[in-house]
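>>> Here is a sequence together with a model predicted from it:
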Amino acid sequence: MADARAMPDGDRFDLVICLDSLHHLGDPAGVMDEVHKILNPGGVFLIAESGLTGDLSVDCAANAFFALIVYSAGLLYCLQENLAAGGSGLTGGDGPGWITTALSSAGFDQVGVTASETGYNVITGIA
């Protein structure tokens, strides 16, 4: 087992993928710092998280069924796991803003968010 906040020295990558799981981690900003260190110049950190905004009324107006599932699962599962790992209580319903801010803080030069047709935001940071 390895801790994502302490990546192995010497390994370099062009792509690191994190699918619908970043919000479960207790220190996602620390993970982003480590990922930035192991990416080759121009390497991509690709993150998929739910396509919600973090505003319950906006999300329910856009797609009440999807919002209900994600927000409910967030309270019952994601929030508990994040808190147990020492986090601040993030869930899949918190929107992409905290991710883009943390990517920029970790040193990623280009940060972008693309809404997919599947209900997820695809968030990228380029080293």
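Received, thanks.
>>> Please enumerate residues in contact with the lengthiest helix in the chain?
Longest helix in the chain by number of residues, with DSSP state H as the criterion: helix 56-73. Applying CB atoms under 8 Å, 6 or more residues apart in numbering, the external contacts of helix 56-73 come out as 50-53, 91-93, 119. Glycine gets a C-beta too; all of them are placed from N, C-alpha and C.
>>> and those as TSV, adding distance to residue 13, neighbour count and pLDDT?
Below are the contacts of helix 56-73 laid out as TSV (distance: CB to CB, whole Å; neighbours: other CB atoms under 10 Å; pLDDT from 0 to 100):
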residue	distance to residue 13	neighbour count	pLDDT
50	25	26	94
51	26	24	93
52	29	26	93
53	30	17	93
91	28	24	91
92	25	23	89
93	29	24	92
119	27	14	89
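>>> Please identify which of these is nearest to residue 44.
The nearest member of the contacts of helix 56-73 to residue 44, counting by CB to CB, is residue 51 at 19.4 Å.
>>> Just list the residues touching the residue nearest the centre of the chain, thanks.
Closest to where the C-alpha atoms of the chain average out (CA atoms, centre = their mean) is residue 22, at 4.0 Å. Residue 22 sits next to 28, 31, 47, 49, 99 when contact means CB under 8 Å, 6+ apart.
>>> Mind checking which of those residues are buried?
Buried subset of the contacts of residue 22 (neighbour count, 16 or more other CB atoms under 10 Å): 28, 31, 47, 49, 99.
>>> separation between the first one and residue 65?
Translated: residue 28. As judged by CB to CB, to the nearest Å, residue 28 and residue 65 stand 27 Å apart.
>>> Which pair in the contacts of residue 22 has the greatest spatial separation?
31 and 49 (13.4 Å).
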